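Participant: dropping a prediction and its sequence here:
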Amino acid sequence: MAEVKVLVEGVHKQIENEKFDIGCTTVLIRSDKNIIVDPGAFVNKDRLLEALKKEGLAPEKIDAVVLTHLHLDHIVNVSLFPKSKVLLKFINGKYPGQFQRIDKGTLERFDILNEKIAEDISVIDTPGHSDDHVSVLVKTDKGKIVISGDAVGSEEWADINKKPNPEFVYSVEKYNESREKILKIADYIIPGHGKMFKVKK
Ligand SMILES: [Zn+2]
């Protein structure tokens with residue numbers, strides 16, 4: 001079974017009107033491969049490297065980095081992993097995914113939603129917050145954990161009655177569908193900004 005560890009816990013705080021303290025949750029999954037989900041914001045660079053070191057892992061030991069979506073607070077530290085495969089959803093084209101090795105420069109397309117990423121790890125389609133959004137499903141001893149990115153941005157969004165502001169989501173309808181899908185599948189959710197929580201069934 002895969003093991004999941006939160007390396008950096010994401011925050012999302014409004015400091016004043018247009019000023020936010022934002023960093024996403026960064027997660028390490030260990031199975032037959034070492035996977036990072038959402039390497040996060042630059043302000044968390046040192047915290048992330050420190051947390052990896054505590055796990056006995058240098059950045060070169062990370063086989064792949066999955067980006068749940070391409071918002072700045074989730075992706076900047078991808079540059080710390082030039083040798084890893086970087087996986088993301090590719091929206092305009094026949095293939096729903098693409099990967100890149102930063103040090104090699106080339107992009108390759110592949111089926112991110114149907115291809116096995118690693119043992120006990122798969123990617124699920126969760127558009128709505130953005131069109132390119134995916135989440136990561138991990139089978140563990142504790143049950144099924146979904147690393148949900150901003151499809152369920154924090155525990156308060158697990159309440160399906162809480163309605164998103166249409167200005168801040170790509171599609172309210174898809175956002176709600178994706179939330180319901182995650183809540184149905186997951187025993188636990190690690191949200192994009194906040195603590196892991198158990199899903200009430
Ligand atoms: Zn986002």
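Facilitator: Received, thanks.
Participant: give the burial count for residue 162, as a bare number.
Facilitator: Neighbour count for residue 162, taken as other C-beta atoms under 10 Å: 9. C-beta: built from backbone N, CA, C; applies to glycine.
Participant: quick one: contacts for it?
Facilitator: Contacts for residue 162 (C-beta atoms under 8 Å, 6 or more residues apart in numbering) come out as residue 156.
Participant: so how far is residue 26 from residue 51?
Facilitator: Distance of residue 51 to residue 26, computed by C-beta to C-beta, to the nearest Å: 8 Å.
Participant: buried residues, stretch 24-36. List them.
Facilitator: 24-31, 33-36 (16 or more other C-beta atoms under 10 Å).
Participant: same question, stretch 152-163
Facilitator: For stretch 152-163, a neighbour-count test (16+ other C-beta under 10 Å) marks 152-155, 157-158 as buried.
Participant: please tell me how far it is from the chain's geometric centre.
Facilitator: Relative to the chain's own centre, stretch 152-163 is displaced by 17 Å; criterion: C-alpha atoms, centre = their mean, to the nearest Å.
Participant: just to revisit the earlier point, among the buried residues of stretch 24-36, name the ones in strands.
Facilitator: 26-30, 34-36 (DSSP state E).
Participant: of all of this protein, which residue lies closest to the ion?
Facilitator: The chain approaches the ion most closely through residue 71 (3.4 Å), counting by C-beta to the ion.
Participant: was I right about that residue contacting residue 130?
Facilitator: Yes - applying C-beta atoms under 8 Å as the test, residue 71 and residue 130 come out as touching, 6.8 Å apart.
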